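K.L.:
okay, predicted coordinates and the sequence, questions at the end:
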Amino acid sequence: MSTKPGRFSVIFRDYWSAILFSVSLASIVFIPFCLITVPLGLFLTFRRVGMIRKVIADGTPVDAVLTFKRWKKGEWIVRYQYVFDGSLYESVNVVIGWNLYGMKVGDRLTAFVNPTKPTQAYLAKLYLKPTALTVET
C-alpha cells in the first residue's frame, strides 16, 4: 500500500501550498499578470507538494511528540520533537484543517523525516488518510 498522499490532499492541507495555488488561480482575473503569476505560482505549488509527498513516501518514519498546537487566523500551527540518528530535532507544520482537535500536546505521533535533511519532517496524521496509517498483519 502506498503511503504517498494525493496532490490535492496536500494542497488543501498544507498552508503554503494552498496559498500558492489560490493566488495562482486568483491572478487569472488580471489577464496581463497571469502570464507570469499563474505558471510561477503553479510551479512553486507543485514543487512544494512534490517535496512533501516524497518525504512522506521515501522518508524515515520516527516517533514524534507533539509539543505545541495552536489555532491562529484560519490555520493550525503544530510543533513536535523527534530523535533522528541520535540527535533531537524540532519541526513545525502549518496546516489548514479543522479536525486537529483530537491531537493533544504530549501525544506520540509518527513523523516522516527526510534522511538527507533531518530538520525537514511531516506528521503522518496531517497528510495521510487513517487507512494508510494502519499496519497490515
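P.N.:
Nice, thanks for sending it over. None of the values given here were measured: they were computed from a predicted structure.

K.L.:
I'd say residue 60 and residue 82 touch.
P.N.:
No. Using Cβ atoms under 8 Å, residue 60 is not in contact with residue 82; the gap is 10.0 Å. (C-beta placed from N, C-alpha, C; glycine too.)

K.L.:
how about residue 46, nearest residue that isn't a chain neighbour?
P.N.:
residue 7 (7.3 Å; Cβ to Cβ, 6 or more residues apart in numbering).

K.L.:
neighbours of the one you found, just the number please.
P.N.:
The number of residues packed near residue 7 is 15, by other Cβ atoms under 10 Å.

K.L.:
where does it land on pLDDT?
P.N.:
On pLDDT, residue 7 comes in at 76.

K.L.:
okay, helices next: where are they in this structure?
P.N.:
7-11, 15-26, 31-58, 124-127, 130-133 (DSSP state H).

K.L.:
where in this protein is the helix or strand with the lowest mean pLDDT?
P.N.:
helix 130-133 (a mean of 58; mean pLDDT, DSSP states H and E).

K.L.:
low-scoring stretches of the chain, by residue?
P.N.:
Within the chain, the segments meeting pLDDT under 70 span 1-2, 27-35, 98-99, 101, 130-137.

K.L.:
longest strand of it?
P.N.:
Determined from DSSP state E, the single longest strand within the chain is strand 60-72.

K.L.:
what helices or strands is it leaning on?
P.N.:
Packing partners of strand 60-72 (3 or more Cβ pairs under 8 Å, 6 or more residues apart in numbering; DSSP states H and E): strand 75-84, strand 108-114, strand 117-123.
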